[in-house]
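Novice: No sequence on hand, only this structure:
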Ligand SMILES: Nc1ncnc2c1ncn2[C@@H]1O[C@H](COP(=O)(O)OP(=O)(O)OP(=O)(O)O)[C@@H](O)[C@H]1O
């Protein structure tokens, strides 16, 4: 394993009684990179973060942060990492600056150094306007931004972001994405857990996909999409009423998505296209034979969502 790695995980295992939360996972995160740890509910994401941040001990295997073992060297690891995410621990009745101050004091910062660090974070996270407002009155996205800022008060080398955008509306989610992308510029290593493939696709240098406690795939977003192999043929129908007829007419093709939104004016279907354009032409000729009209039809790379579906189906 590389000496440069900020996080090294080797055969990490955690069992709770008869539940195998992690079944021996391994991965590495180079310094300054963002790793997206992806997986559905219960796949082991939070367990991984609690082990890496020394909140729990592994049952077997090992993990190192900046070369320090999370069990043997737990005190040193705690100096290097910070953890935030879904369950922000800020006091709603205090202002953003007061919250930063509380976090700073908790870590032993006082006086001028504390004030200077808060000033830097206000600058870095563009909190000038909201610094004096009560955190309870801030939007969800702005709250998370203050929360991430407070996690950085100690200048950690590694930041764990546990589902930082769960429960946020799309606009707030985009604002948090900007904040996380900015962390890369600061050289901080980030381990981001998420259920949203789009989030990992946007932010992560590398992705580790977990399913039921095991790694089912890892690599860059681009490589994972390629690994999934076949491109897909996506079509949008003119008439909602044609959906059942299309499904019937496309027998023999592997339909991987049928319309889910009953209110959508134009239903969308996706079929796997192992033969690329030849598959698309095959679909078009079947639709033409039945005089079924489409708004559009085309070939595209599978999304990470589709990759994940395909990989987890195989397990
Ligand atoms: N303290 C615990 N005691 C018993 N089982 C646990 C405990 N913590 C987690 N588990 C189990 O371990 C498995 C992995 O849970 P974990 O919370 O790590 O998943 P997750 O991927 O973070 O899911 P989510 O997205 O819901 O947070 C689940 O089956 C969970 O029920």
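Specialist: That came in fine, so what should we check first? Computed from a prediction, not measured in an experiment: that's the story for all the values here. Residues are numbered from 1 along each chain as shown.

Novice: pretty sure residue 101 is in a strand, no?
Specialist: No. Counting by DSSP: H, G, I helix; E, B strand; the rest coil, one finds residue 101 to be helix, located in no strand.

Novice: centre of the chain versus the biggest helix by length in the chain, how much separation?
Specialist: Of all the segments of type helix in the chain, defined by DSSP state H, the longest one is helix 170-185. Here the centre of helix 170-185 is set off from its chain's centre by 12 Å, with Cα atoms, centre = their mean, to the nearest Å.

Novice: So which bits of it are buried?
Specialist: 172-173, 175-177, 179-180, 183 (16 or more other Cβ atoms under 10 Å). C-beta here means a position set from N, CA and C on the backbone, and glycine is covered the same way.

Novice: Turn these into CSV, columns for distance to residue 10.
Specialist: Below are the buried residues of helix 170-185 laid out as CSV (distance: Cβ to Cβ, whole Å):
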residue, distance to residue 10
172, 36
173, 33
175, 36
176, 31
177, 30
179, 31
180, 26
183, 25
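
Novice: Which other helices and strands does the longest helix of the chain contact?
Specialist: strand 34-38, helix 140-151, strand 189-194, helix 197-203 (3 or more Cβ pairs under 8 Å, 6 or more residues apart in numbering; DSSP states H and E).

Novice: Output the set of residues of the stretch 51-200 of the chain in proximity to the ligand.
Specialist: By the rule Cβ under 6 Å from any ligand atom, the part of the stretch 51-200 of the chain lying against the ligand is residue 195.

Novice: With mean pLDDT and mean neighbour count as extra columns, can I get the helices and strands packed on helix 170-185 in CSV?
Specialist: Output for the helices and strands packed on helix 170-185, formatted as CSV (pLDDT from 0 to 100; neighbours: other Cβ atoms under 10 Å):
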stretch, mean pLDDT, mean neighbour count
strand 34-38, 95, 26
helix 140-151, 87, 23
strand 189-194, 94, 26
helix 197-203, 87, 20
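
Novice: Let me have these in TSV, extended by distance to residue 82.
Specialist: Listed next are those as TSV, based on distance: least, Cβ to Cβ, whole Å:
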stretch	distance to residue 82
strand 34-38	15
helix 140-151	4
strand 189-194	10
helix 197-203	17
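
Novice: check contacts around the closest residue to the ligand within the stretch 101-250 of the chain.
Specialist: With Cβ to the nearest ligand atom, the shortest gap between the stretch 101-250 of the chain and the ligand falls at residue 195, namely 5.8 Å. Contacts for residue 195 (Cβ atoms under 8 Å, 6 or more residues apart in numbering) come out as 38-41, 163, 166.

Novice: Where do the domain boundaries of this structure fall?
Specialist: 5-226, 228-314 (automatic domain parsing).

Novice: Of these, which stretch is the most buried?
Specialist: domain 5-226 (a mean of 18; mean count of other Cβ atoms under 10 Å).

Novice: how long is it end to end?
Specialist: 26 Å (Cα to Cα, to the nearest Å).

Novice: now do stretch 181-191
Specialist: The first residue of stretch 181-191 is 12 Å away from its last residue (Cα to Cα).

Novice: Report the distance from it to the chain centre.
Specialist: 14 Å.

Novice: Could you tell me which residues make contact with the residue nearest to residue 142 when sequence neighbours are not counted?
Specialist: Spatial nearest neighbour of residue 142, chain neighbours left out: residue 130 (5.8 Å); criterion: Cβ to Cβ, 6 or more residues apart in numbering. Listed by Cβ under 8 Å, 6+ apart, the contact partners of residue 130 are 96, 138, 142, 146.

Novice: again, only using 10 Å
Specialist: 95-97, 122, 137-139, 142-143, 145-146 (Cβ atoms under 10 Å, 6 or more residues apart in numbering).

Novice: Now the element after the helix or strand hosting residue 222, going C-ward?
Specialist: Secondary structure assigned from DSSP states H and E places residue 222 in helix 221-227. Following helix 221-227 in sequence order, the next helix or strand is strand 231-237 (DSSP H and E).

Novice: Which strands or helices does that following strand pack on?
Specialist: Judged by 3 or more Cβ pairs under 10 Å, 6 or more residues apart in numbering; DSSP states H and E, strand 231-237 is in contact with helix 243-249, strand 255-257, strand 268-273, helix 277-289, strand 294-300.

Novice: partners of that strand, with directions?
Specialist: strand 268-273 (antiparallel), strand 294-300 (antiparallel) (DSSP bridges).

Novice: what's the offset of that strand from the middle of its chain?
Specialist: Relative to where its chain is centred, strand 231-237 has its mean C-alpha point 26 Å off (Cα atoms, centre = their mean).

Novice: Any idea which residue is closest to the centre of the protein?
Specialist: Taking Cα atoms, centre = their mean, the centroid of the chain lies closest to residue 194, which sits 3.2 Å from it.

Novice: Hmm, that residue is touching residue 41, no?
Specialist: No. Using Cβ atoms under 10 Å, residue 194 makes no contact with residue 41, being 12.0 Å away.
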